[in-house]
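K.L.:
next one to model:
(chains A and B)
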Amino acid sequence: MNHMDESTILALRDGEAVPDVSRDHLEECSACESALREAEWRAEHIDRLLGTLDEPGVGGTRHSEQLNEARARVRERLDARIEDDLRSRRRFRWPGHLGRAAAVLLVAVGAVSALPGLPLHSWLTSAGSDDRATPGATAETAQEVPRSGVSVAVPQEGIRVLVGSLGSLGSLEVVWIDEATARIDAPEGSRFTYGDGRLEALVAGGPVRIELPDSEVPVTVEVDGEPYLTRSEGQTDVTGPIGERTDARILFTTP
Amino acid sequence: MSDSNRLMVDFDAVFDEHYPGLVRYVQRLTGDGDTAEDIAQEAMVRLFDRRISGSESGVRAWLYKTATHLVRDRYRVDTNRQRLLERHPVRPVALETPDRTLERDETRAIVREALDALSPRDKEILLMRYSGFSYKEIAAAIDVASTSVGTLLSRAEQRFAEAVSAGEVV
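P.N.:
Numbering: from 1, shown residues only, chains lettered A, B, ... in the order given. Coordinates of the predicted model:
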């Protein structure tokens, strides 16, 4: 056997899996054994050097008081984040200026239609517009539908996202994100489970949003047993009904 | 109890397990203790806010990767970088410092400079390895094939050692 390359020597040093033949070779080859010793010495040296960067109180030498302070700050920030999230859920879905414009328009239409004698009034009433919009109804329908979701850390082996629908989804959006996380959210009432690299969602309707890592980790998205998207070995195959596609996202229009 | 349940239920345990190591990693990465605390806390907040679950090593890889991205984002802004450099210049300490402290601070400055001379990926691989990550965990955290980690680590160690030698730390 030829001498071991540097990465194999490092793998041996670091307790990583190496072929048995490499271990056998090590027992017979003084050059490789010496290279391993040198790598071990280098690791100790680097560890010692990096240790000089640690400030007192950081890492393993943190005092419990400092740790408690940090924990309290994380809790505070988390509470603030949750509060912000709740607040944004209560807001209208439309951007402010569009929402205001729509409200003004509907108020105007409502007022005009209430005036007897105007052509619009008769047109509206003859159209049987019992369900015509009022400002109150507008606020009601523009309210964001409560949603629920779940995030999971994506393992190196990849993830399968399986969506089962109880009703029409309307649209399903896949967004690539710069994190090793998969997230799915859907209208409230949807149920999620995760295990063995499978993120399963039984959703109560649409729209559904799925976030997946923008990396080469294998991913699959299936909807009601139909493959919509598969990424394997850096190759992405999209087989679902595409409505719109950009580098950052794919919007599927589902039945 | 499953890992995911444990994660959601036991905030303190997850925090205690990962926070100190995460702060140390980011502090080594940035050379700035305040930034390290801030970024480590933000990563922990995101972990709980987004209800990230998974195996223990998966959660750890997620945290370190998130922190690494936060560092990259922060340093991408030139003004921030400039501010940090001005606040924490890399230089030997004043002459009146006792000899031993002086020596340690000089070593620290050289190590800092050597680390900063590495590419971001070399630096991340090196620091993750010396934070106790396995090759598989490093691969998951920085999005490379696990079979490449040995080669990348070897190169990063050599470059680091050379840069330190150039600064004359033995």
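K.L.:
any low-confidence regions in chain A?
P.N.:
Within chain A, the stretches with pLDDT under 70 are A:1, A:56-63, A:88-145, A:255.
K.L.:
go on, chain B?
P.N.:
In chain B (pLDDT under 70), the answer is B:1-9, B:53, B:76-103, B:168-170.
K.L.:
now residue A:192. Nearest residue, chain neighbours left out?
P.N.:
Distance criterion Cβ to Cβ, 6 or more residues apart in numbering or on different chains; nearest residue to residue A:192, sequence neighbours excluded, is residue A:150 at 4.2 Å. Backbone N, C-alpha and C define where each C-beta goes, glycine included.
K.L.:
the one you found falls within a helix, correct?
P.N.:
No. Assessed with DSSP: H, G, I helix; E, B strand; the rest coil, residue A:150 is strand; it does not lie in a helix.
K.L.:
for it, name its beta-bridge partners.
P.N.:
Taking DSSP bridges as the rule, residue A:150 bridges to residue A:184.
K.L.:
give me the element residue 40 is part of.
P.N.:
I'll assume chain A. Per DSSP states H and E, residue A:40 falls inside helix A:30-51.
K.L.:
actually it's chain B I care about, not the one you picked
P.N.:
Going by DSSP H and E, residue B:40 is in helix B:33-49.
K.L.:
C-alpha coordinates for that helix, CSV please?
P.N.:
C-alpha atoms of helix B:33-49 as CSV (Å, rounded to 0.1, in the frame of the first residue of the first chain):
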residue,chain,number,x,y,z
GLY,B,33,-16.5,39.2,22.9
ASP,B,34,-19.5,41.5,22.7
THR,B,35,-20.3,40.4,19.1
ALA,B,36,-19.9,36.8,20.2
GLU,B,37,-22.4,37.2,22.9
ASP,B,38,-24.8,39.0,20.7
ILE,B,39,-24.6,36.6,17.8
ALA,B,40,-24.8,33.5,20.0
GLN,B,41,-27.9,34.9,21.7
GLU,B,42,-29.5,35.7,18.4
ALA,B,43,-28.9,32.1,17.2
MET,B,44,-30.4,30.7,20.4
VAL,B,45,-33.4,33.0,20.0
ARG,B,46,-33.9,31.8,16.5
LEU,B,47,-33.6,28.2,17.6
PHE,B,48,-36.5,28.6,20.0
ASP,B,49,-38.5,31.1,18.0
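K.L.:
give the buried residues for it.
P.N.:
Neighbour counts over helix B:33-49 (16 or more other Cβ atoms under 10 Å in any protein chain shown) mark B:33, B:35-49 as buried.
K.L.:
go on, stretch A:30-48?
P.N.:
For stretch A:30-48, by 16+ other Cβ under 10 Å, it's A:32, A:35-36, A:39, A:42-43, A:46.
K.L.:
residue A:225: neighbour count?
P.N.:
Residue A:225 has 8 neighbours, counted by other Cβ atoms under 10 Å in any protein chain shown.
K.L.:
what ranges do the strands span in chain A?
P.N.:
Assigned by DSSP state E, chain A shows strands spanning A:147-153, A:159-165, A:171-177, A:181-187, A:191-195, A:198-203, A:208-213, A:219-223, A:226-232, A:235-238, A:242-245, A:249-253.
K.L.:
what's the angle between the fourth one and strand A:208-213?
P.N.:
The one in question is strand A:181-187. Between the axes of strand A:181-187 and strand A:208-213, defined by axes from the mean of the first three to the mean of the last three Cα atoms, to 10 degrees, the angle is 170 degrees.
K.L.:
which other helices and strands does strand A:181-187 contact?
P.N.:
Judged by 3 or more Cβ pairs under 8 Å, 6 or more residues apart in numbering or on different chains; DSSP states H and E, strand A:181-187 is in contact with strand A:147-153, strand A:159-165, strand A:198-203, strand A:208-213.
K.L.:
for these, which one ends up most surrounded?
P.N.:
Stretch with highest mean neighbour count among the helices and strands packed on strand A:181-187: strand A:208-213 (a mean of 23; mean count of other Cβ atoms under 10 Å in any protein chain shown).
K.L.:
how many other residues sit next to residue A:188?
P.N.:
Residue A:188 has 12 nearby residues by other Cβ under 10 Å.
K.L.:
now it: closest residue in space, sequence neighbours ignored.
P.N.:
Here the nearest residue to residue A:188 in space, its sequence neighbours aside, is residue A:146; by Cβ to Cβ, 6+ apart that works out to 4.0 Å.
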